[in-house]
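[1] model the structure of this input:
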Amino acid sequence: MRVEYRLFTPDGDIPVDPQVLALPFKITPLTAHPFLTLGDYFEAIETFLLRHNGRSLESALHQALHTSIRVAPIDTLLIRSEKHGAFYHVASIEMTRPEERIKLAVSTALSPTARACLHREYHLLQSLGRSHPLPYLPAAYALGQVDREKKEGRQSLLMVLTEWFEAFHEWHTTFDSTDGCRKIRIWDGGNHPPYLSQEDAFQLFREAAKILTLYYDPKTYRQIYPWHHAAGDFVVSNRADAMQVRLATVRKYESVMNAFTPGPVNPLIAMVYFLLNLTIRMRLDRMDGVGDTVWAEDFAVEATLQGFLEALYIMQQEKRFTLCGVNELLSLLRSFRVPELETLFESLCGLYADQDPEEYGLIQSRLRPHVKRLHQALQEYP
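    Model (predicted):
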């Protein structure tokens, strides 16, 4: 079996040579590891995949393909470094056999905090996969640790093997110099930046809101949170037939109500807070994923509301939303006047201030027009 290493960029793959492998491994996009090289990272992934005579990889393939495939027929194993984030490092794994290509993902965590987060995420993906049989989260196949020992020290790398969403790509707000407008660009590795039309951008936000709502638990208030567009949590496939969106990560699944509301909570009020927070978070991104915080245009409010209600109608049919009828909830939301909505949003501000002061400042400066837009969208919803 031939093993190849590559680096992903938004403009296409970069082949890896010995000089590149000797470069320091980045703990974060701006910080180098004290002694690990990029080559150490690639070799650790290879060890994780092929340890114990291939049993880890073979076991994952059994789950991914629901077949009794064996590792031996694989001709080429391509390991592509896709992304170095603040917590995880993501690589795609392509295995080529005579008549097919199989693609999976490996997420790696190094620091104690990051390893704890990745360990928790692995079990959350498995748990949510069982409790919510939906296609929006990646299946989790294997968890393992690889130790790299060098004269400068020893580093443990925790790794998780998951489903790879084929033909889905990260996206971010960017600046189109041809017309001076901000647009959403899909990072698909093509030579020409594929920008989304406003109609497609609307569908992207609607689908993202729908996904998060489908995983919300109206009885326990548990939800997938935190998440962030800047981290590339949502990925998109914009083929000719339809816009499709997936959520590539789950950091936590718990209630956030105790962060701003002490004591018992009315389940309907919790649902209202879920929506309000959703409309704010859905508008936040960073320019090109790493630059200044940016605020999505007003269409994001209508898109978020549509996705939220669409999910609730599905949950109502499945008997997962039984607090009241969706139309009754909509009537409650419509009954709030603008000052009342502003008061509710103020309860969320402490949550934003603790999470990111820069984002909090932007939210504060945009909150009043945002509330008015949401109030209008609620009144105009069919």
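[2] every contact and neighbour count from this point should use C-alpha atoms.
    Noted.
[3] low-confidence regions, the stretch 201-350 of the chain specifically.
    Scanning the stretch 201-350 of the chain for pLDDT under 70 picks out the ranges 240-241.
[4] and the nearest residue to residue 124 once chain neighbours are set aside, helix, strand or coil?
    Residue nearest to residue 124 in three dimensions, not counting chain neighbours: residue 250, with 7.0 Å by C-alpha to C-alpha, 6 or more residues apart in numbering. The three-state label given to residue 250 by DSSP: H, G, I helix; E, B strand; the rest coil is coil.
[5] so who does residue 250 touch?
    Going by C-alpha atoms under 8 Å, 6 or more residues apart in numbering, residue 250 touches 121, 124-125, 224-225, 227.
[6] ok, residue 317 to residue 212 distance?
    17 Å (C-alpha to C-alpha, to the nearest Å).
[7] what are the ranges of the strands in the stretch 101-250 of the chain?
    140-150, 153-163, 171-176, 181-186, 223-224, 234-238, 243-247 (DSSP state E, counting those that start in this stretch).
[8] which elements pack onto the fifth one?
    By that I understand strand 223-224. If you count contacts as 3 or more C-alpha pairs under 8 Å, 6 or more residues apart in numbering; DSSP states H and E, strand 223-224 packs onto strand 253-254.
[9] determine how far the helix or strand that the strand it packs on is followed by lies from the middle of the whole chain.
    Note on strand 253-254: by DSSP states H and E, the next helix or strand toward the C-terminus is helix 267-281. In terms of C-alpha atoms, centre = their mean, to the nearest Å, the centre of helix 267-281 is set 19 Å apart from its chain centre.
[10] equivalent analysis for stretch 298-308, please.
    With C-alpha atoms, centre = their mean, you get 19 Å for stretch 298-308.
[11] then stretch 23-33?
    Worked out by C-alpha atoms, centre = their mean, stretch 23-33 lies 22 Å from the chain centre.
[12] who's in contact with it?
    Outside stretch 23-33, the residues touching it (C-alpha under 8 Å, 6+ apart) are 34-41, 84-87, 110.
[13] how is the chain divided into domains?
    For the chain, automatic domain parsing gives the domain ranges 2-163, 171-380.
[14] select only the buried ones of the contacts of stretch 23-33 in PyMOL?
    The buried subset of the contacts of stretch 23-33, as determined by 16 or more other C-alpha atoms under 10 Å, is captured in PyMOL by this line:
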select buried, resi 36+37+38+39+40+41+84+85+87+110
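[15] so which of the contacts of stretch 23-33 are in helices?
    Residues of those located in helices (DSSP state H): 38-41.
[16] give me the phi and psi for the closest residue to residue 1 other than its chain neighbours.
    Spatially, and ignoring its direct neighbours in sequence, residue 1 is nearest to residue 75 (4.9 Å; C-alpha to C-alpha, 6+ apart). Backbone geometry at residue 75, expressed as degrees, to the nearest 10, gives phi -90, psi -40.
[17] what about the helices in the stretch 51-200 of the chain?
    Taking DSSP state H, counting those that start in this stretch as the criterion, the stretch 51-200 of the chain contains helices spanning 112-131, 198-214.
[18] which of those helices is buried the deepest?
    Greatest average neighbour count among the helices of the stretch 51-200 of the chain goes to helix 198-214 (a mean of 21), per mean count of other C-alpha atoms under 10 Å.
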